[in-house]
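Enquirer: This is the structure alone, sequence omitted:
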């Protein structure tokens, strides 16, 4: 039975679709229409009780939250495709940690900086912005970029070769770039992001 990915364009479901394309596993893309409230139906809430995308069904198993889905896909399908570390050693620990960091840390700080510190389609109105919040969150984004740059100093990708662990941070920085976040002060990160973005699987999703 094919995997079913429930999503819509320009959402966090794109990173899950990217992973599925990299893995080359069969899946059905089911585009929900938010204008019709298709993400609020009882059938979909049984998959994602928060009424957001993405949601994923793999047989009788259902998952929500893109980071959790990526971890699942890596562990179930990624090892045999050399896109996720096998065993329980440091490489597996690194893959888990960089995935969780990107979703829980980088993405949160990046979006708060966008909301308060930039003029973008999703930013708050100027009267509702906090300069202190913008400056703090920008400092935390910079701190994350520093860590990425250090990690990539002697590697082309986070684990050496490309893996699903690259997708979470890369997808956040792709979105950040569209919204005006600048990363040129970290050339190693710029080069890594370009390599990730030029992958055929990523291009198919975009």
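Expert: Cool, the structure landed. What you see is a predicted model; the values in this text were computed from it and never measured.
Enquirer: So the most centrally placed residue in the chain: helix, strand or coil?
Expert: For the chain, residue 168 is the residue whose C-alpha lies nearest the centre (Cα atoms, centre = their mean; 3.2 Å). State at residue 168, reduced to three classes by DSSP: H, G, I helix; E, B strand; the rest coil: helix.
Enquirer: can you tell me how far the residue lying farthest from the centre of the chain sits from residue 173?
Expert: Among residues of the chain, the one most distant from the C-alpha centroid is residue 127; the distance is 30.0 Å, by Cα atoms, centre = their mean. According to Cβ to Cβ, to the nearest Å, residue 127 and residue 173 sit 29 Å apart. The way it works is simple: take the backbone N, C-alpha and C, and place the C-beta from them, glycine included.
Enquirer: check contacts around residue 133.
Expert: By Cβ atoms under 8 Å, 6 or more residues apart in numbering, the contact list for residue 133 reads 112, 116, 117.
Enquirer: host element of the first one?
Expert: Secondary structure assignment for residue 112, by DSSP states H and E: helix 107-117.
Enquirer: Please work out which residues outside that helix touch it.
Expert: 120, 122-124, 129-131, 133-135, 137-138, 140-141, 144, 168, 172-173, 175-176, 179-181.
Enquirer: and if you look at stretch 167-176?
Expert: For stretch 167-176, the surrounding residues in contact (Cβ under 8 Å, 6+ apart) are 12, 14-15, 18-19, 22, 66-67, 70, 98-99, 101-103, 106-107, 110, 114, 141, 148, 158, 181, 183, 189, 192-193, 196-197, 202.
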